[in-house]
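Novice: Sequence and computational prediction follow.
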Amino acid sequence: MKQTVTIPETFLGVGYTKNRAGLPLESVRVPVPRPAADQVLIRVAASSLNPLEYKLAELNFLGRTPPVILGLDLSGIVVAKGSAVLGVAVGDAVVAMADLNGDGGWVAGDGGSYALAREFLTVRKPESLSFLSAAALPMCFLSAFAGLYGAVQPGDTVYIPGGGGGVGHLAVQMAARALGAGLVISSGSTLQSTTLARQSGAHYVFDYKRDDIVAEISKLTGGRGADLVFDATYSEPGFVQTAKTVRQGGSWIVLGVGPGKTTRVAETASPVDSILAERGAKHINVNLLRYFSEPATLDDNTKAFLQHGMTLAMEWAVQGLVVPHVARTIDSTVETINAGLRSLKTGTGSLGKVAVIVDRDLVEES
């Protein structure tokens, strides 16, 4: 889709205006940014909700000076680009990730929303993929991709707890359908979450509140354990249990800061590393924050890796291999976004992803 858009001087976004104030977010008028040499400016069509966004509002751990506009997943139309950008053109429909230390794309009213993205985190949107589905992919897909791509070997037994979550259901699909895992095991605590994990391709799904998952995985693997565990649940008690499912010499991969640091405020003692050491297993942290918060410091290999991930996100979605489950779609308003983020924080939100319509005209054209 190609079209000419008049770029305004400002727009009304959704974000935080006070340091570490947390929810509720507010509406705030900010200047429309201008792209640097390696950036594109996107008129945002759609976005989605991620737990990271309420955590940024609560902790501002990147040290931003408010106001900060949130809405990190982006799909929309390129309206301006920097001098070094060659891969996309003005008028292209794209999917992207905003920098965590830049402003996102949620809008608090009429008039549209504009966000910057680096070229290496921007790809053209396939015509067959809607703006809404595309916008549900970037952050969660890249989280799963960074943990699993190159780590899962054909035939591996992989355990992915939380297979009904935003990252988890994509990770299950990725392992089972795109990366050739031989056996994919997942877990959840509700019928809805375990059902989504099964629909995503998990061969066995357990209820972590009822089942002895360590024993169940031991039985399924003849006492050997999982070759690889990918834990994106951000739960210290969960970390302890999933570490016990790794085989001798296997890999335990965690998304985020990992054991003992889940509060980001105080570090606590965790037995996870000693459990892994007994097994001779690797402890690998996948922390996307450094990718997005300091993009200027990334080397060419890292940028190429993330660009490849964004490209595969589009290809695999079109092929039906890794498809986001959009359980709910909301309009981009201060009230609906605050309600959605509160649900994510309390664990009462929808499974999979919540998509956000930022520009209804663009979304309905796609």
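Specialist: Thanks, I have the structure now.

Novice: from the middle of its chain, how far away would stretch 149-167 be?
Specialist: Using Cα atoms, centre = their mean, to the nearest Å, the mean C-alpha position of stretch 149-167 is found 15 Å from that of the whole chain.

Novice: Please read the previous query as pertaining to stretch 26-45.
Specialist: On Cα atoms, centre = their mean, the centre of stretch 26-45 falls 20 Å from the chain's centre.

Novice: and if you look at stretch 350-366?
Specialist: For stretch 350-366, the distance to the chain centre is 16 Å (Cα atoms, centre = their mean).

Novice: for it, how far is the first residue from the last?
Specialist: 24 Å (Cα to Cα, to the nearest Å).

Novice: Give the buried residues for that stretch.
Specialist: Neighbour-count burial for stretch 350-366, counted by 16 or more other Cβ atoms under 10 Å, picks out 350-359, 362-363, 366. (Each C-beta comes from the backbone N, C-alpha and C, glycine too.)

Novice: now stretch 335-351
Specialist: 336, 337, 338, 340, 341, 344, 349, 350, 351.

Novice: Ok, stretch 315-333 next?
Specialist: For stretch 315-333, a neighbour-count test (16+ other Cβ under 10 Å) marks 316-317, 321-327, 329-330, 332-333 as buried.

Novice: Now flag whichever of the residues you listed is closest to residue 112.
Specialist: Set against residue 112, the nearest of the buried residues of stretch 315-333 by Cβ to Cβ is residue 332 (10.4 Å).

Novice: Let me see the contact set for that closest one.
Specialist: Shown in contact with residue 332 (Cβ atoms under 8 Å, 6 or more residues apart in numbering): 14, 47, 71, 106, 107, 108, 113, 356, 357, 358.

Novice: Which of these fall within strands?
Specialist: 14, 47, 356, 357 (DSSP state E).

Novice: between the contacts of residue 332, which is nearest residue 137?
Specialist: residue 47 (11.2 Å).

Novice: For the closest one, give me the pLDDT.
Specialist: Looking at residue 47, its pLDDT is 98.

Novice: where does the stretch 1-150 of the chain dip in pLDDT?
Specialist: 1-5 (pLDDT under 70).

Novice: can you map out the strands along it?
Specialist: In the stretch 1-150 of the chain, the segments counted as strands under DSSP state E, counting those that start in this stretch are 10-16, 26-31, 39-48, 68-69, 73-81, 93-98, 114-124.

Novice: Mind putting those strands into JSON lines with distance to residue 274?
Specialist: As requested, those are exported to JSON lines (distance: least, Cβ to Cβ, whole Å):
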{"stretch": "strand 10-16", "distance to residue 274": "39"}
{"stretch": "strand 26-31", "distance to residue 274": "45"}
{"stretch": "strand 39-48", "distance to residue 274": "37"}
{"stretch": "strand 68-69", "distance to residue 274": "39"}
{"stretch": "strand 73-81", "distance to residue 274": "37"}
{"stretch": "strand 93-98", "distance to residue 274": "36"}
{"stretch": "strand 114-124", "distance to residue 274": "37"}
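
Novice: Show me where the stretch 201-350 of the chain has its strands.
Specialist: 204-207, 226-231, 246-255, 282-286, 326-331.

Novice: Turn those strands into JSON lines, including distance to residue 53.
Specialist: Listed next are the strands of the stretch 201-350 of the chain as JSON lines, based on distance: least, Cβ to Cβ, whole Å:
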{"stretch": "strand 204-207", "distance to residue 53": "28"}
{"stretch": "strand 226-231", "distance to residue 53": "21"}
{"stretch": "strand 246-255", "distance to residue 53": "16"}
{"stretch": "strand 282-286", "distance to residue 53": "19"}
{"stretch": "strand 326-331", "distance to residue 53": "14"}
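
Novice: so which of the ones you listed gets nearest residue 140?
Specialist: strand 246-255 (10.1 Å).

Novice: where exactly do the helices run in the stretch 51-200 of the chain?
Specialist: 51-59, 131-135, 138-148, 166-173, 191-199 (DSSP state H, counting those that start in this stretch).

Novice: just those helices: most buried one?
Specialist: Most buried of the helices of the stretch 51-200 of the chain by mean neighbour count (mean count of other Cβ atoms under 10 Å) is helix 166-173; its value is a mean of 31.

Novice: So for that helix, mean pLDDT?
Specialist: 97.

Novice: which outside residues touch that helix?
Specialist: By Cβ under 8 Å, 6+ apart, helix 166-173 touches 50-51, 137, 140-141, 143-144, 147-148, 160-163, 184, 186, 196-197, 200-202, 230, 232-233, 255, 321-325, 351-353.

Novice: That concludes my questions; thank you for your assistance.
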